[in-house]
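Undergrad: could you work out the structure for the sequence below:
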Amino acid sequence: MISPNTASTQDFYQRAVLEYDGVFRHYAYPKSSNSNTRSWKMAWSTVYYLPPNICLDIREDYGSGACGFNSYCTFDDGKKSCHCPSGYSFIDPADVMKGCRPDFDSQSCDGSSPETDLFDFYEMENTDWPLTDYEYFEQANEDWCRQDCLSDCFCALAIFRGAGCWKKKLPFSNGRKDPSFQAKALLKIRKDNSTFKCEGPVRKKDQSKLIIVISVLLSSSVLMNLLLLVAGFSVVYWWRSKSSKANQPSQSIVGTCLRSFTFEELRKATNGFEEVLGQGAFSTV
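TA: Numbers count the residues shown, from 1 in each chain. Model (predicted):
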């Protein structure tokens with residue numbers, strides 16, 4: 001590439017870069033401040049770039065164009081910018097070349113509920129998405145073009161230019177906005193922002209939090225019941241063990257091969273203690 005505005009290699013450092021946006025740029029940096037570089041900033045400055053307007057020069061039947069799908073390209077001061085139309089947002093704000101996605105539910109194709117009353121058009125002057133139309137009408141006016149797109153659930157965008165109406169469906173490609181275009185883009189979007197999809201994940205996230213909280217509470221309740229059950233069994237086991245030990249004869253009695261009797265057994269054996277065996281200092285035996 002030979003730049004028509006070539007800066008002298010004697011006075012300037014030179015650099016040429018094929019940028020991420022697809023533009024090939026020639027930069028120059030003054031080596032020192034002298035009469036030849038007085039009008040230049042002490043920084044890398046763009047001397048020349050190709051193509052002159054990448055937004056207009058890239059136009060292919062396949063692919064998204066200079067920007068990602070569903071976005072449009074503008075070129076100002078030698079720099080390309082990609083934008084999402086109203087009602088759309090970047091799939092990845094850190095990489096705009098991935099394109100844009102609609103923030104709302106698409107129009108239903110259910111014949112019993114076409115939802116024509118839920119959609120309207122956002123007008124974009126000097127804007128076009130060429131090569132993605134699936135239907136074209138001649139000798140049409142703008143109102144007819146609007147109504148025809150509105151009643152067609154596949155139509156997401158209509159381009160009106162002169163007396164022509166181009167209907168397009170997702171995804172859009174080769175989007176560009178330039179004052180040289182004598183076209184108007186009619187972008188179909190929902191009237192009510194409350195139906196936007198972007199709220200879906202929020203509700204889903206809230207529901208997930210609620211499910212987690214309920215699960216934790218239920219788990220805690222089950223654990224508490226298990227602990228109470230174990231504690232109950234432990235108390236019963238301890239009580240039975242204690243009672244069993246209390247009813248067992250002592251080791252001294254077992255060692256003499258004597259049997260211990262309960263009070264009730266003694267009462268029955270003596271017919272209610274009717275025979276007096278003797279009398280001591282404290283009581284009668």
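Undergrad: quickly find the element holding P52.
TA: Applying DSSP states H and E as the criterion places P52 outside every helix and strand.
Undergrad: next, count neighbours for it.
TA: Applying other C-beta atoms under 10 Å, we find 11 residues neighbouring P52. Using the backbone N, CA and C atoms, a C-beta is placed for each residue, glycine as well.
Undergrad: from V23, how far off is it?
TA: P52 sits 10 Å away from V23, going by C-beta to C-beta, to the nearest Å.
Undergrad: and what of Y237?
TA: For Y237, the distance to V23 equals 83 Å [C-beta to C-beta].
Undergrad: show me which of the two is the more surrounded one.
TA: Higher neighbour count among Y237 and V23: V23, with 21 against 10, using other C-beta under 10 Å.
Undergrad: which residues sit in contact with the more buried one?
TA: V23 sits next to Y49, L50, P51, I54, G78, K80 when contact means C-beta atoms under 8 Å, 6 or more residues apart in numbering.
Undergrad: contact partners for the closest residue to S81 other than its chain neighbours?
TA: Of all residues not flanking S81 in the chain, T74 sits nearest, at 5.0 Å (C-beta to C-beta, 6 or more residues apart in numbering). By C-beta under 8 Å, 6+ apart, the contact list for T74 reads C55, K80, S81, H83, R176, K177, D178.
Undergrad: what is the burial count for the last one?
TA: Translated: D178. Residues lying near D178 (other C-beta under 10 Å) number 16.
Undergrad: the second one now?
TA: Taking other C-beta under 10 Å as the neighbour definition, K80 ends up with a count of 19.
Undergrad: list the helices and strands the helix or strand it falls within packs on?
TA: For K80, the host element (DSSP H and E) is strand 79-83. When contacts are defined as 3 or more C-beta pairs under 8 Å, 6 or more residues apart in numbering; DSSP states H and E, strand 79-83 packs onto strand 72-76.
Undergrad: if you set the cut-off to 10 Å instead, what comes out?
TA: helix 54-57, strand 72-76, strand 175-177 (3 or more C-beta pairs under 10 Å, 6 or more residues apart in numbering; DSSP states H and E).
Undergrad: list the contacts of whichever helix or strand comes after that strand.
TA: Counting by DSSP H and E, the next helix or strand C-terminal to strand 79-83 is strand 88-90. Counting contacts by C-beta atoms under 10 Å, 6 or more residues apart in numbering, the residues outside strand 88-90 that touch it are 68, 70-72, 82-84, 96-104, 122, 172, 187, 189, 196-198.
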